[in-house]
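Visitor: Generate coordinates for the sequence data below:
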Amino acid sequence: MVVILDIDNIREFLSNRICSRKTVIAFVGSPLRNDDRIALLIYYDLLNKLKNNPDNVWFIECEYGLENCLHEIIKKKPEVLIIVDAILSQELKPGEIVLVSWEHVKEKIGLATTHNIPVYITLSLLRKQVDLQEIYLLGIRVENIEIGMDISESVNKGRKKVVDLFLKVITGCGERKILA
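Guide: Below is the predicted model:
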């Protein structure tokens, strides 16, 4: 069971997985539901800022739900899947970030995305196709998921933290290989 709220601990935890294992990071969101599109914006930010990903890490854009990018994930055959998504939680403030092991999501976190197929069914199908060893949700607590294209200020601050987090982890992976 994993629930991590501190950004430095999240970075360390992800570094230990992303740098050494085949990892897919899936960015899930609805582009037309205000804060629910936050993961998609993070995806675009990272594409613009990262020059080289490690060979074992893939970013995948999943508009409108994880089920819409299953084929891409299966092709990569990851050991670790990290789902970046907007979340609803009474325990967090808008813009706060949490890393949760997938088994813990039902108890603590609600997904803001309106998935066509329940995520648990999608992950069950995925696990039948790929030997996934670990699944995590990196969530940003949203404020407004009504129809629109505006991002709340607090959620946008969370976005910047997540982009910085992934930039440090990914660039750190290259440094680890040089030192090894």
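Visitor: Tell me which other helices or strands the host helix or strand of Gly139 touches.
Guide: Using DSSP states H and E, Gly139 maps to strand 134-141. With contacts defined as 3 or more CB pairs under 8 Å, 6 or more residues apart in numbering; DSSP states H and E, the packing partners of strand 134-141 are helix 7-18, strand 80-88, strand 97-101, helix 102-108, helix 153-179. C-beta coordinates here come from the backbone N, C-alpha and C atoms, glycine included.
Visitor: Point out the most buried one among these.
Guide: Most buried of these by mean neighbour count (mean count of other CB atoms under 10 Å) is strand 80-88; its value is a mean of 23.
Visitor: helices and strands of the protein: which one bottoms out on pLDDT?
Guide: strand 110-111 (a mean of 56; mean pLDDT, DSSP states H and E).
Visitor: just checking, next helix/strand downstream of it?
Guide: helix 119-129.
Visitor: For that following helix, give the mean pLDDT please.
Guide: Mean pLDDT, helix 119-129: 74.
Visitor: swap in stretch 31-39?
Guide: Stretch 31-39 comes out at a mean pLDDT of 94.
Visitor: buried sites along that stretch?
Guide: Using 16 or more other CB atoms under 10 Å as the test for burial, stretch 31-39 gives 33-39.
Visitor: Give me the subset of the residues you listed lying in strands.
Guide: Of the positions in these, not one sits in strands, assigned by DSSP state E.
Visitor: Which of those sits closest to Val24?
Guide: Proximity of those to Val24 was ranked by CB to CB; the top entry is Ala39 with 13.6 Å.
Visitor: Next, the contact list for the closest one, please.
Guide: 27-29, 84-86, 140 (CB atoms under 8 Å, 6 or more residues apart in numbering).
Visitor: Export the residues you listed as CSV, with columns for distance to Lys76.
Guide: Output for the contacts of Ala39, formatted as CSV (distance: CB to CB, whole Å):
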residue, distance to Lys76
Phe27, 14
Val28, 16
Gly29, 20
Val84, 16
Asp85, 18
Ala86, 23
Ile140, 24
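Visitor: any idea which of the residues you listed is closest to Tyr43?
Guide: Each of the contacts of Ala39 was checked against Tyr43 using CB to CB; the closest is Phe27, at 3.8 Å.
Visitor: which non-adjacent residue is nearest that closest one?
Guide: Take Phe27 and drop its neighbours on the chain: the residue closest to it by CB to CB, 6 or more residues apart in numbering is Tyr43, 3.8 Å away.
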